[in-house]
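*Asks:* One predicted model, sequence on top.
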Amino acid sequence: RGYDKPAFAGFAAGRDPRSDARFKGFARAFKDTLGVETLDFRTSQSVSFEAGAELMTEIMNSSERPNCCFFLNDHLAFGALCRCRETGINVPTDFGIMGFNGLGLNKVLNQRITTINTPRELMGATAIRNLLARINGAKIDNAISMPVTLLPGKTTR
């Protein structure tokens, strides 16, 4: 998509294994495909709309100034998009924003966030099934891969 200065924004390292895993995967993809390092912007706050806006301010004020960011979730991405609008940063031309979870807020935005859709209903049903199986003595894998889908929006080229 033409972005070559990536950043990741999520929970502080070590606070949430999902955040750490997403950072590692995103950083590896940019390193393997373009040979570039990913800047790391993490927060010890909640991963809310407000935190996304604050993280975007940090990103804009960074001396290394990335041109895209993968946010841990759609809430952070939405907060960042709002901050970009407030400060005149053109998304997606000047800065690309990507979220994660495919949340319903995208259905009401006039500029849908590019995001990764996760199968939350399948995840819940699988968790219940596995919990009941463990209660009944079955051995269940600790980790199960689930399918995800890229939902292109209007926040990336």
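*Replies:* Received, thanks.
*Asks:* Spatially nearest residue to Asn90 (excluding sequence neighbours)?
*Replies:* Cys84 (7.8 Å; CB to CB, 6 or more residues apart in numbering). Backbone N, C-alpha and C define where each C-beta goes, glycine included.
*Asks:* State the distance from the one you found to Arg28.
*Replies:* Cys84 sits 26 Å away from Arg28, going by CB to CB, to the nearest Å.
*Asks:* between these two, who's got more neighbours?
*Replies:* Neighbour count, other CB atoms under 10 Å: between Cys84 and Arg28, Cys84 has more, with 22 against 11.
*Asks:* I'd like the distance between the more buried one and Ala53.
*Replies:* 9 Å.
*Asks:* again, but for Leu103
*Replies:* From Leu103 to Ala53 the distance is 17 Å (CB to CB).
*Asks:* And what about Ala51, helix, strand or coil?
*Replies:* Of the three states, Ala51 takes helix according to DSSP: H, G, I helix; E, B strand; the rest coil.
*Asks:* isn't it right up against Leu76?
*Replies:* Yes: counting by CB atoms under 8 Å, Ala51 touches Leu76, with 6.1 Å between them.
*Asks:* Have a look at the two and say which one is more surrounded.
*Replies:* Leu76 (31 against 22).
*Asks:* residues touching the more buried one, list them.
*Replies:* Going by CB atoms under 8 Å, 6 or more residues apart in numbering, Leu76 touches Ala9, Gly10, Val47, Ser48, Phe49, Ala51, Gly52, Leu55, Gly99.
*Asks:* what's the answer for Lys31, then?
*Replies:* With CB under 8 Å, 6+ apart, Lys31 has these contacts: Glu37, Thr38.
*Asks:* I'd like to know which helix or strand in this structure has the lowest mean pLDDT.
*Replies:* strand 39-43 (a mean of 90; mean pLDDT, DSSP states H and E).
*Asks:* Name every strand pairing with that one and say which way it goes.
*Replies:* Strand 39-43 pairs in its sheet with strand 6-11 (parallel), by DSSP bridges.
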